[in-house]
Structures are given as structure tokens and as C-alpha cells.
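Asker: give me the fold of what follows.
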Amino acid sequence: LVFGRWTALNLAVANQWGGADSQAKAQELVQRVVQWTLEKKEVYADELEEFLDTELMDNWNTQAEDESPREVAGMVTRIFWETCQNQGETVAALARTQTEAQRQIEQSLQEQTPEQVAQEEERLRLQREQRQAEREARRPQVDEDGWTTVTR
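Answerer: Next up is the predicted model:
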């Protein structure tokens with residue numbers, strides 16, 4: 001309900017500012033935000049705002065000067081805390097005022113084709129392999145003379 005209303009993200013996706021896979025990037029952003037909130041015991045709007053700003057810049061080369069990342073982060077944070085308290089006023093209000101266009105955008109952000117799922121799995125596998133290789137490269141290296149080379 002929140003991301004379907006975010007004009008900066010919707011424009012970036014509609015105009016493919018992030019390339020042909022802008023829609024997939026938006027879906028991934030929503031999933032990452034959900035995952036982030038699930039992993040945190042406490043969710044703070046300023047941390048989420050920074051994350052959203054970075055994602056817009058990195059994935060769509062877009063800087064939102066309208067402070068919309070702050071508004072989105074505030075809304076997500078409010079929903080998080082209400083959910084923790086078994087309340088749902090904000091979600092209910094958003095659902096009541098959602099337009100048909102926003103409903104379609106929100107639905108497209110939640111759908112994934114099998115190809116997108118496979119691409120995401122491959123991307124995650126490659127990231128894991130890269131992190132593993134980086135950890136291996138940082139391990140101390142002992143040469144034949146017994147000297148240890150430590151790298152950062």
C-alpha cells in the first residue's frame with residue numbers, strides 16, 4: 001500500500017530509469033524492506049530513509065528532493081509499530097483511500113514471474129559466492145618461510 005503511492009519510485013519504474021529491469025528492481029526493493037523490518041527488533045524511520053535514498057540512487061539514478069523517502073520510511077515504520085501492537089489503523093486508512101491505479105501498481109510490485117524468481121535466485125547465489133571469495137581473500141596467507149601476510 002505504501003510503495004504503490006510513492007511517486008518517485010513509480011516514475012522511476014514507469015520510465016525505466018533503472019533500465020529494462022526497473023520493475024524487478026522495484027519488486028526487490030519492496031522485498032528487501034519487508035525482510036529488513038522482519039530482521040530488526042526495532043525499526044527506525046531515519047535508518048529506513050537512508051536505505052531508501054541509497055536504493056533510489058543506486059538502482060534508478062534518482063535523488064528524491066521532495067523528501068518522499070522520509071515520508072515512505074515514516075509510513076512503513078508506523079505500520080511496523082502498529083502491527084507489533086496488533087493495530088492496523090494506518091493500513092486500513094491506506095486501503096480505504098487507495099485508487100485503482102495505485103492498486104494496480106501495488107499488485108505489479110508484488111507479482112514475480114518465474115523468470116524473475118530464477119534471476120533473483122541466481123543473483124543471490126552469485127552474491128554469496130562473491131562474499132565467500134572475499135572472506136577467503138582476507139584470510140592470513142602463510143608463505144613457505146612461515147611469514148604471514150594479513151590483508152584488510
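Asker: can we go C-alpha only for contacts and neighbour counts from here?
Answerer: Fine.
Asker: quick one: the helices in this structure?
Answerer: Counting by DSSP state H, the chain has helices at residues 7-14, 22-39, 45-60, 68-84, 89-97, 100-110, 114-138.
Asker: for these, give me JSON lines that also has mean neighbour count and distance to residue 150.
Answerer: Shown next, in JSON lines, are the helices of the chain (neighbours: other Cα atoms under 10 Å; distance: least, Cα to Cα, whole Å):
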{"stretch": "helix 7-14", "mean neighbour count": "18", "distance to residue 150": "43"}
{"stretch": "helix 22-39", "mean neighbour count": "17", "distance to residue 150": "33"}
{"stretch": "helix 45-60", "mean neighbour count": "17", "distance to residue 150": "32"}
{"stretch": "helix 68-84", "mean neighbour count": "18", "distance to residue 150": "40"}
{"stretch": "helix 89-97", "mean neighbour count": "13", "distance to residue 150": "52"}
{"stretch": "helix 100-110", "mean neighbour count": "15", "distance to residue 150": "45"}
{"stretch": "helix 114-138", "mean neighbour count": "12", "distance to residue 150": "7"}
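Asker: ok, now which ones touch the residue sitting nearest the centre point of the chain?
Answerer: Residue closest to the mean C-alpha point of the chain, counted by Cα atoms, centre = their mean, is residue 29 at 2.8 Å. Going by Cα atoms under 8 Å, 6 or more residues apart in numbering, residue 29 touches residue 55.
Asker: how close does it get to residue 144?
Answerer: 48 Å (Cα to Cα, to the nearest Å).
Asker: what do you get for residue 73?
Answerer: For residue 73, the distance to residue 144 - Cα to Cα - is 54 Å.
Asker: and what of residue 126?
Answerer: 32 Å.
Asker: what's the answer for residue 41, then?
Answerer: 48 Å.
Asker: for the protein, which residues score under the pLDDT cut-off?
Answerer: Screening the chain residue by residue with the criterion pLDDT under 70, one finds the ranges 101-106, 108-118, 120-121, 124, 151-152.
Asker: understood, closing this out.
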